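Asker: Predicted model and sequence follow; I will ask about them next.
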Amino acid sequence: MAEYYAGKSVLITGATGFMGKVLVEKLLRSCPEVKALYLLVRPKAGQSMQQRVSEMMTCKLFDRVREDDPDFHRKIIPISSELTQPGLAISPQDGEKLASCINIVFHCAATIRFDEPLKHALQLNVIATQQLLSLAKQMHHLEAFIHISTAYANCNRKHIDEVIYPPPVEPRKLIESLEWMDDGIVRDITPRLIGDRPNTYTYTKALAEFVVQQEQDQLNIAIIRPSIVGASWQEPFPGWIDNFNGPSGVFIAAGKGILRTMRANNDAVADLIPVDVVINLTLAAGWYTAVHRPKSALVYNCTTGGINPFHWGEIGTYTGIYQHHVISSFKRNPLEQAFRRPNANITSNYLINQYWILVSHKFPAFIYDLFLRLSGQKPQMMRIFNRLHKAIGLLEYFSSQDWEWNSENLNMLMSQMTPEDRKTFNFDVRQLNWPEYIENYCIGTKKYVLNEDMSDIPAARQHLRKLRNIRYTFNTVLVVFIWRVFIARSQMARNIWYFVVSLCFKFLSYFRASSTLTN
Ligand SMILES: CCCCCCCCCCCCCCCCCC(=O)SCCNC(=O)CCNC(=O)[C@H](O)C(C)(C)COP(=O)(O)OP(=O)(O)OC[C@H]1O[C@@H](n2cnc3c(N)ncnc32)[C@H](O)[C@@H]1OP(=O)(O)O
Ligand SMILES: NC(=O)C1=CN([C@@H]2O[C@H](COP(=O)(O)OP(=O)(O)OC[C@H]3O[C@@H](n4cnc5c(N)ncnc54)[C@H](OP(=O)(O)O)[C@@H]3O)[C@@H](O)[C@H]2O)C=CC1
């Protein structure tokens, strides 16, 4: 595979994103003879695209590449592009350059927000894909076009094969109809349009697959469908992650002791897939598509559930048959300044979850905000919990159900690779050890998302001990207080109290007498 990529010019969209960065890194490290990587990047947050790419290359993710080749950045050529603009806002000179030299395209860019307004999701996930395909058709030496979709594009089905399903609506018709509607109308009709899908993201990703498929006669196409992409398993080092998306934000919130309850089906498969596995499969699919030129677009479901299943119950705290890896990991390697000790209850029961939200989220937030107010500070905890509830409300759809994905094409691809390539571009998740992976994932969120130092762990543990003592004291005071109030007002409660005390007293006397007898 590395030989195939030698001398090739590669175009990547979404290279500044989570998966794009790992793709760039892997290509540079494992295919050192690759000729050039053209990255479509937009200026953002006051930074030019050049600045953004330079900053990206200083990221720790690129440490190993930097060691192997300190001049690796000479192979990276940023191209200014805003994907939501006509012609992707690529200058005519850049357009000509790309048309003349690109051999392979990896299309990773997308909006992955679950609450994205439909028009914007359509613009980026569908229309931009259409425009990129038009650009690809002008590329004289193009050998493969690899589109990154999601395993949940067809989440309205329970069993998902490696085929492109008919779209919920003809994309062209939808684009034309939405064009004349203002944002308010679009917002109103969005639930009707997305139907049995949970959000605009999965809906527009399904439409994008159809748009890509329509070009399969003119381009060599493959579609990669990863499930829930998590931290890296092995490469470039275990546990690398740089965002709050999907489970990462949930893990962090649990580690900080903020999230104490979530609705999930303990027995449902948690279809996490490490980012390095997805990228290895993507590169393998690029090679296979270019070399073997399958007659029609091949879809690769990139999931773990059918191969090496892991369940939501094993992730959080579950008193049944499962161990709880996230919580125990954060107890061993605590995050700094936790709000409470990590401890999370996962339940599929709506009422139980509401009860815990009240007791373990809203009540502590109320008390803490009261404390902040009394000490002259701005209350903040309720606001944080409201945001958390909004975020987990959007994720619960995926943690409450099971899907089955077929992975025949993935197996076929693996069988076509040499043993050497299978090692270098490993996507065999049968070897994945979940407890070890989750431990590295949690440490990764601490080190790379929150930028916390591992040397501060003793202080963080001390903080957890302090929190435990506060809890014990608080609980004791609360019980004594409630009981005092209760006893003071009710004769019956007093009678029960005297009964319990006299029972204890009798038990103690009996115990003392029997121990005197045995002596
Ligand atoms: C032990 C417990 C175990 C529990 C087990 C259960 C776990 C269940 C997990 C289920 C995951 C299911 C994922 C399904 C993935 C489908 C796969 C894909 O194809 S698609 C891929 C998956 N796609 C997704 O996952 C996208 C999902 N995300 C969204 O749609 C939106 O972020 C939002 C609607 C949740 C929040 O919108 P909004 O309120 O407007 O907030 P902004 O976004 O603007 O961020 C503002 C700031 O907050 C930061 N931050 C963000 N999130 C969190 C967090 N959770 N926390 C903390 N912080 C968070 C963020 O970095 C930012 O910081 P800064 O830059 O300001 O410093
Ligand atoms: N993360 C996950 O769990 C999963 C992701 N996927 C798919 O993988 C792909 C990559 O996802 P991921 O890396 O997580 O997403 P990120 O949000 O991390 O990255 C998205 C990328 O798209 C770029 N982008 C977004 N809007 C524009 C725009 N208007 N013009 C130019 N570039 C733009 C972003 O650039 P910028 O930095 O400028 O914003 C960024 O580089 C997506 O197609 C997604 O659907 C599939 C399954 C799961």
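Answerer: Sure thing, it's come through. Numbering: from 1, shown residues only. Ligands and ions are numbered 1, 2, ... in the order given.
Asker: for the nearest residue to K60 once chain neighbours are set aside, what are its contacts?
Answerer: Counting by C-beta to C-beta, 6 or more residues apart in numbering, the nearest residue to K60 once its immediate chain neighbours are dropped is Y448, at 6.9 Å. To be clear about C-beta, it is placed using only N, CA and C from the backbone, and glycine gets the same treatment. Applying C-beta atoms under 8 Å, 6 or more residues apart in numbering, we find Y448 in contact with K60, G239, W240, I241, D242.
Asker: now with 7 Å?
Answerer: Going by C-beta atoms under 7 Å, 6 or more residues apart in numbering, Y448 touches K60, W240, I241, D242.
Asker: and the last one, how many neighbours?
Answerer: Under the neighbour criterion other C-beta atoms under 10 Å, D242 is assigned a count of 19.
Asker: Tell me who's in contact with it.
Answerer: Contacts of D242 (C-beta under 7 Å, 6+ apart): F18, Y448, V449.
Asker: So which of these belong to helices?
Answerer: Judged by DSSP state H, helices contain the following of these: F18.
Asker: Going by distance to A208, which of the contacts of Y448 wins?
Answerer: D242 (24.1 Å; C-beta to C-beta).
Asker: Need the per-residue pLDDT for the closest one.
Answerer: At D242, the pLDDT value in this model is 94.
Asker: What values do phi and psi take at it?
Answerer: Torsion angles at D242 (phi, psi; degrees, to the nearest 10) stand at phi -140, psi 20.
Asker: what do you get for Q214?
Answerer: phi -60, psi -20.
Asker: For it, give its distance to ligand 2.
Answerer: Relative to ligand 2, Q214 is positioned 18 Å away (C-beta to the nearest ligand atom, to the nearest Å).
Asker: Likewise for I12?
Answerer: When distance is defined by C-beta to the nearest ligand atom, I12 is 9 Å away from ligand 2.
Asker: secondary structure element for that residue?
Answerer: strand 9-13 (DSSP states H and E).
Asker: Mind giving me the packing neighbours of that strand?
Answerer: Counting contacts by 3 or more C-beta pairs under 7 Å, 6 or more residues apart in numbering; DSSP states H and E, strand 9-13 is packed against helix 18-30, strand 36-41, strand 104-107.
Asker: Tell me which of those sits most buried.
Answerer: Highest mean neighbour count of those: strand 104-107, a mean of 26 (counted as mean count of other C-beta atoms under 10 Å).
Asker: Averaged pLDDT, that one. What do you get?
Answerer: Strand 104-107 comes out at a mean pLDDT of 98.
Asker: measure V186 to F114 for me?
Answerer: 17 Å (C-beta to C-beta, to the nearest Å).
Asker: next one: V477
Answerer: Here V477 is placed at a distance of 42 Å from F114 (C-beta to C-beta).
Asker: Comparing those two, which residue is more hemmed in?
Answerer: Neighbours per residue (other C-beta under 10 Å) separate V477 from F114, with F114 holding more: 18 against 10.
Asker: thought that one was touching Y201?
Answerer: Yes: with contact defined as C-beta atoms under 7 Å, F114 counts as touching Y201 (5.4 Å).
Asker: just for this protein, where's the confidence low?
Answerer: 316-324, 515-519 (pLDDT under 70).
Asker: If you count neighbours, what's buried in the longest helix belonging to it?
Answerer: Secondary structure assigned by DSSP H gives helix 457-489 as the longest helix of the chain. For helix 457-489, the neighbour count (16 or more other C-beta atoms under 10 Å) marks I457, A460, H463, L464, L467 as buried.
Asker: For the residue of the stretch 1-150 of the chain found nearest ligand 1, which non-adjacent residue is closest in space?
Answerer: Closest residue of the stretch 1-150 of the chain to ligand 1, C-beta to the nearest ligand atom: T150 (3.2 Å). Leaving aside its chain neighbours, T150 sits nearest to K205 (5.1 Å; criterion: C-beta to C-beta, 6+ apart).
Asker: So what does that neighbour have for phi and psi?
Answerer: phi -70, psi -30.
Asker: Report the secondary structure element holding the residue in the stretch 151-300 of the chain that ligand 1 sits nearest to.
Answerer: As assessed by C-beta to the nearest ligand atom, ligand 1 sits closest to G249 within the stretch 151-300 of the chain, at 2.3 Å. If you go by DSSP H and E, G249 is part of helix 247-255.
Asker: That helix close to ligand 2?
Answerer: No: applying C-beta under 6 Å from any ligand atom, one finds helix 247-255 separated from ligand 2 by no less than 8.6 Å.
Asker: circling back to that earlier point, for the residue of the stretch 151-300 of the chain closest to ligand 1, which non-adjacent residue is closest in space?
Answerer: G249 sits nearest to A391 (C-beta to C-beta, 6+ apart), 6.2 Å away.
Asker: Doesn't the one you found lie inside a strand?
Answerer: No: going by DSSP: H, G, I helix; E, B strand; the rest coil, the assignment for A391 is helix, not a strand.
Asker: Could you measure from it over to ligand 1?
Answerer: The spacing between A391 and ligand 1, counted by C-beta to the nearest ligand atom, is 4 Å.
Asker: doesn't S248 make contact with that residue?
Answerer: No: if you go by C-beta under 7 Å, A391 and S248 don't touch, sitting 11.2 Å apart.
Asker: ok, those two, which is more surrounded?
Answerer: Shown here are A391 and S248; by other C-beta under 10 Å, S248 has more neighbours (22 against 18).
Asker: isn't there a strand covering P78?
Answerer: Yes: according to three-state DSSP, P78 belongs to a strand.
Asker: ok, it - how many residues close by?
Answerer: P78: 21 neighbours (other C-beta under 10 Å).
Asker: If you drop the residues flanking it in sequence, what lies closest to it?
Answerer: The nearest residue in space to P78 (C-beta to C-beta, 6+ apart) is V53, at 4.4 Å.
Asker: Just the element for the one you found, please.
Answerer: Per DSSP H and E: helix 49-57 holds V53.
Asker: what angle separates that helix from helix 18-30?
Answerer: For helix 49-57 against helix 18-30, the angle between stretch directions is 70 degrees (axes from the mean of the first three to the mean of the last three C-alpha atoms, to 10 degrees).
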